[in-house]
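Trainee: structure of the sequence below:
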Amino acid sequence: MIRQNYGVHDIDVEKLKGYSFELGPIRPPSEGGSYSLLLRATRNCSWNRCNFCRGLSFGKQKLQLRTVEEVKRDIDTIEAISSEIKAISWQLGYGGRINGNVGAAIIQASPDLDTNQSFVVVFNWLYFGAKTVFIQDADSLIMRTGDLIEIVKYLKQTFPTIDRVTSYARMKTVFRKSLEELKELNKAGLSRLHCGMESGDDELLLYIDKGVTSEEQIEAGRKAKEAGYELSLYIMPDLGGRERSEQHARNTARVLNMINPDFVRMRPFVPRKGTPMYEEYQRGELRLSSPHERLREIKTLIELLDFTGSVCFDHMLNSWYREDHRLLFKQDYDGYKFPEEKKLLLELIELGLQTDESIHVHAKEFVNLPHL
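Mentor: All right, here's what the predicted structure looks like:
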């Protein structure tokens, strides 16, 4: 309940209603939720040619680089929203602390703010401590290094509570950056990179038109680690279908072992309507594996993994179940730590393989879903 000696009529929310900053659609689940502030430095993807997403709405848009001044203005707007929310907290008697009562009072005073994404993102970020920021969209490192350094420094100067700044980056973009550039960015405050590796198999990388080779991935990953970043790599089980399953698993494990990333995040492949790979799937040229076949591919990968990071199943597409219909894998952002939990993960995979396959969800059931 809001403290009784303060009424909603005492709260001035007019300034909050007038603030907005640009937000993009692209972000990883582990960074985007309620915990992280979203700050858009680029629009869309620098490549836009991967056959599993080319043709989707965001895959049709050309890369646009926002100026340093534009992004700084957004940071200033975020600071203004933060100050207004904290001022209301003081007015309500909470001493600047951001809690549910403060949010309830603001929404009671102006219900429209409940659908104002700029307000919602900043309020949630403050509520959870204002610790983490994700720089959007799909490849922020494509910016000039000096420009991105200026943005990150300004962000951290404006919000001293920040302890992690993260971004998506193409492996090829990281490969092209010098080690010194990567170190300078890390020193400025960029601390974690999320990269869609997808596979470590060169034949498959060429097939999906990823624009990078396995050796370039290895060099990029090693440089990122040497420069001081936490590295989160995304892998797509079944990306090559049944025919390329074995080579996909084995060669991906080889590349991951050479890089030793902090996180390996599983994103099982689903052909999305409008993409070249969806058309192949529709023509019967791309055969998706069954749930058990996908698990066996992951088993091969896990057996060969020899690294000190974590394997994560933090997405709904990891839809394998136990006989009692509970999820087979935990779907948190921290995953299973290697080598300590490798045996446990292999045991879970065996449990999934022993479970009636009809209990698991087949990838084809996700194909026509509008959002994943």
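
Trainee: residues near Lys17, how many?
Mentor: Neighbours of Lys17 under the rule other Cβ atoms under 10 Å: 14. To be clear about C-beta, it is placed using only N, CA and C from the backbone, and glycine gets the same treatment.

Trainee: which residues touch it?
Mentor: When the contact criterion is Cβ atoms under 8 Å, 6 or more residues apart in numbering, the partners of Lys17 are 110, 112-113, 116.

Trainee: for Pro276, which non-adjacent residue is spatially closest?
Mentor: Using Cβ to Cβ, 6 or more residues apart in numbering and skipping residues adjacent in sequence, the residue nearest Pro276 is Asn51, 4.2 Å away.

Trainee: which residues touch that neighbour?
Mentor: Counting by Cβ under 8 Å, 6+ apart, Asn51 has contacts 207-209, 275-277.

Trainee: ok, 7 Å please
Mentor: Each residue near Asn51 by Cβ atoms under 7 Å, 6 or more residues apart in numbering is listed here: 208-209, 275-277.

Trainee: would you format the residues you listed as a markdown table with secondary structure and neighbour count included?
Mentor: Formatted as a markdown table, the contacts of Asn51 follow (DSSP: H, G, I helix; E, B strand; the rest coil; neighbours: other Cβ atoms under 10 Å):
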| residue | secondary structure | neighbour count |
| --- | --- | --- |
| Ile208 | coil | 22 |
| Asp209 | coil | 13 |
| Thr275 | coil | 18 |
| Pro276 | helix | 18 |
| Met277 | helix | 23 |
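
Trainee: name the nearest of the residues you listed relative to Arg73.
Mentor: Proximity to Arg73 was ranked across those by Cβ to Cβ; first place goes to Thr275, at 35.3 Å.

Trainee: pretty sure that closest one contacts Cys50?
Mentor: No - taking contacts as Cβ atoms under 7 Å, Thr275 lies outside contact range of Cys50: 8.6 Å.

Trainee: and the longest strand for this protein?
Mentor: strand 190-198 (DSSP state E).

Trainee: coming back round to it: using TSV, lay out the contacts of Asn51 together with pLDDT.
Mentor: TSV is the format used below for those (pLDDT from 0 to 100):
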residue	pLDDT
Ile208	97
Asp209	97
Thr275	93
Pro276	95
Met277	95
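
Trainee: quick check: the two most widely separated of these?
Mentor: So for these, where distance means Cβ to Cβ, the most widely separated pair is Asp209 and Thr275, at 11.1 Å.

Trainee: in this structure, where is pLDDT below threshold?
Mentor: Counting by pLDDT under 70, the chain has low-confidence residues at 1-9, 32-33, 57-60, 370-372.

Trainee: all strands of it, in order?
Mentor: Assigned by DSSP E, the strands in the chain fall at 36-40, 42-43, 64-65, 132-136, 164-168, 190-198, 230-235, 263-266, 310-312, 336-337.
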